[in-house]
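# sharing a model that was predicted from the sequence below.
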Amino acid sequence: MKSRTAILTLLLAALGSAFCPPVLGDEIPAAAATNTAPREVTLDEAAATRLLTAALQQQFVGTGGELDLRLTRPWISRSAPAGPLNLRILDMPNNGVASSFLVRFEIFAADGASLGNWQYSVQARLWREIWVARSMLKPGELVADADIARERRDVLALHGPLAEFASGDTTLEVAESVPAGSPLPAYAVKLHPVIRRGQTANALIQDGALNVTMKVQALEDGTPGQLIHLRNTQSNHDFCGKVLNGKTVLVPL
């Protein structure tokens, strides 16, 4: 006959771990898992900078380039309600976005509740593809033949308007020398004259169905549509005419 101890041992082996407590660290059963979304997020420096950049890009830059911002002092992170956050610009310099400027703004939660307003000094760069001289450009050179290329540059670091034209434009020429590696300012290009000073052209005078032409000398360069000074080669009388093309000017009555 088996002892009492042996019988108890057999009973425990048969029951296994049915009555064993769970071990700490075991995976939580699926039924107990929760899918509740977080109620708060952290509004850190990266998130605040993204919000500020997006607002300035939309309101002050538009399609004029890609804005890149950096806060000049550390941002103190804080909790914010989960969901989209909105930023409103409260105060900006009169000249808008610059390489360095002061901006005041307010951030709102999705329900419209204000999270506070801040004033920060920021440093900015505005990246845009512009025309750059790859070698020295000389006055009178056709832009279509010039050694230029499009490069991505920070246009906030540049002064004055830049030249904008389509690739291969044959209506423009270089107006002033541009060093290699320099952006093309707007003043460095001009319309390419089709009539040059000293050139002989045909002056067309129209009076109803009557057309009269005479030989004239151009006293200045002229582009299509431009009024220039002319001289009658026979009488030496000076007058003005509108350039039609490289050989003809129209003299208004």
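Everything's here; your move. Worth saying up front: this structure is predicted, and the values here are computed from it rather than measured.

# which stretches of the stretch 51-200 of the chain form strands?
66-71, 78-81, 86-91, 100-108, 114-133, 148-154, 172-174, 189-191, 200-207 (DSSP state E, counting those that start in this stretch).

# which among those strands is found nearest to Leu253?
Evaluated over the strands of the stretch 51-200 of the chain, closeness to Leu253 peaks at strand 200-207, with 6.2 Å, by Cβ to Cβ. Bear in mind the C-beta positions are built from the backbone N, C-alpha and C, glycine included.

# select, out of the strands of the stretch 51-200 of the chain, the one closest to Gln57.
Using Cβ to Cβ, the nearest of these to Gln57 is strand 66-71, at 4.7 Å.

# before we move on, back to that, give me whichever of the strands of the stretch 51-200 of the chain is most buried.
Comparing the strands of the stretch 51-200 of the chain on average neighbours per residue, with mean count of other Cβ atoms under 10 Å, the densest one is strand 172-174 at a mean of 21.

# average pLDDT across it?
For strand 172-174, mean pLDDT rounds to 95.

# show me what that strand is packed against.
Using 3 or more Cβ pairs under 8 Å, 6 or more residues apart in numbering; DSSP states H and E, the elements in contact with strand 172-174 are strand 189-191.

# could you pull out the helices for the chain?
Assigned by DSSP state H, the chain shows helices spanning 4-15, 45-56.

# and those, which one is worst for confidence?
Mean pLDDT across the helices of the chain is lowest at helix 4-15; the value there is a mean of 50.

# give the closest residue to His229 in space, chain neighbours not counted.
In space, and not counting its chain neighbours, His229 is closest to Leu219: 4.1 Å by Cβ to Cβ, 6 or more residues apart in numbering.

# and what of Arg88?
Spatial nearest neighbour of Arg88, excluding adjacent residues (Cβ to Cβ, 6+ apart): Glu106 at 5.1 Å.

# could you pull up the residues touching the one you found?
Residues in contact with Glu106, defined by Cβ atoms under 8 Å, 6 or more residues apart in numbering, are Leu87, Arg88, Leu90, Ser114, Leu115, Gly116, Asn117, Trp118.

# could you dump those residues to a markdown table with distance to Leu69 and pLDDT?
Output for those, formatted as a markdown table (distance: Cβ to Cβ, whole Å; pLDDT from 0 to 100):
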| residue | distance to Leu69 | pLDDT |
| --- | --- | --- |
| Leu87 | 12 | 97 |
| Arg88 | 16 | 97 |
| Leu90 | 16 | 97 |
| Ser114 | 22 | 96 |
| Leu115 | 19 | 96 |
| Gly116 | 19 | 95 |
| Asn117 | 17 | 96 |
| Trp118 | 13 | 97 |
